[in-house]
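Student: With the sequence up front, the predicted model follows.
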Amino acid sequence: MAFLILCLPRSRSAWLASYLNYPLARPPQPIGHEVLTECRSWDEFVNNYKRGMWGTVETAGAMLWQNVRKEMPECKIVLVRRPLIEVYRSLAAKGIVADLHVLAEMNAILDWAQNDPAIASVPFEFLSEPLVGKWLFEYLLEIEWDEEWWMRLVATNIQVDIPGWQKKANGKKDVYRELINDICRRSLQPPGPLN
């Protein structure tokens, strides 16, 4: 069954996508990371699932939760929650001056999503706990936990290429704004545009 993980940036999203991209899954269960940033519309995002994507981890997709719940009710949604100030400081440590207003809006949308009883939420600091790793693996992949895979990945520091990510994001601001507006138009209660 499909899944979607939502979190703020610097919440171990790249690591989580790598951990859940279990190479021994049969049939293969491809997991995406930041798939939304490659899309121009909601339909394009959903088509990734139709083409075989099992799940994705998104840091810029907080607003997706309503549409997913409405149009893909079978899709499991998990939130990874890291305190906003920690996210901001982590970005700053990497040389990124984040727009605190935008981060706060995304965080508020995740707070709102967390109130939905069908959505699971995991504190960021628990991602290194074996029981949480086991639960995420079995709940989202629907296969028995591979503890050896967990042990190998939990000690691995997996990060995105921050300068490359920032350059790409800056070049796609207009496309991203259009995408967010498309998603918000389809939402039950649009949270307002993110600039």
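Tutor: Looks like it came in fine. Numbering: from 1, shown residues only.

Student: residue closest to the middle of this protein?
Tutor: Computing the C-alpha centroid of the chain and ranking residues by Cα atoms, centre = their mean puts E58 first, at 2.4 Å.

Student: Setting the sequence-adjacent residues aside, check what's closest to that one.
Tutor: The shortest distance from E58 to any non-neighbouring residue, by Cβ to Cβ, 6 or more residues apart in numbering, is to L36 (5.2 Å). (Glycine included, C-beta is placed from N, CA and C.)

Student: so what's the one you found up against?
Tutor: Contacts of L36 were listed using Cβ atoms under 8 Å, 6 or more residues apart in numbering, and they are 45, 56, 58, 60-61, 64, 179.

Student: can you confirm it is in a strand?
Tutor: No: with DSSP: H, G, I helix; E, B strand; the rest coil as the criterion, L36 is located in helix rather than a strand.

Student: So it versus L6, what's the distance?
Tutor: For L36, the distance to L6 equals 10 Å [Cβ to Cβ, to the nearest Å].

Student: Check A98 too.
Tutor: According to Cβ to Cβ, A98 and L6 sit 17 Å apart.

Student: of the two, who's got more company?
Tutor: Comparing A98 with L6 by other Cβ atoms under 10 Å, the one with more neighbours is L6, at 30 against 17.

Student: Would you state the predicted confidence (pLDDT) at the residue nearest to the centre of the chain?
Tutor: Reading off the confidence values, E58 has pLDDT 96.

Student: Renumber starting at 4 from here on
Tutor: With 4 as the first residue, the last one maps to E61.

Student: which other residues reach stretch 151-170?
Tutor: Applying Cβ under 8 Å, 6+ apart, the external contacts of stretch 151-170 come out as 17-18, 21-22, 25, 27, 37, 97-99, 131, 133, 136-137, 140.

Student: let's see 7 Å
Tutor: With Cβ atoms under 7 Å, 6 or more residues apart in numbering as the test, stretch 151-170 has contacts from 17-18, 21-22, 25, 97, 99, 131, 133, 136.

Student: so where do the helices sit in this protein?
Tutor: With DSSP state H as the definition, the chain shows helices at residue ranges 16-23, 45-53, 67-74, 87-96, 103-117, 133-144, 150-157, 165-174, 176-189.

Student: so of those helices, which one's packed in deepest?
Tutor: By mean neighbour count, with neighbours taken as mean count of other Cβ atoms under 10 Å, helix 16-23 ranks first of the helices of the chain at a mean of 21.

Student: Flag the helix or strand of this structure with the lowest per-element mean pLDDT.
Tutor: Sorting the helices and strands of the chain by mean pLDDT, DSSP states H and E puts helix 165-174 at the bottom, at a mean of 70.

Student: shaky segments in this structure?
Tutor: By pLDDT under 70, the weakly predicted segments of the chain are 168-169, 171-173, 191-198.
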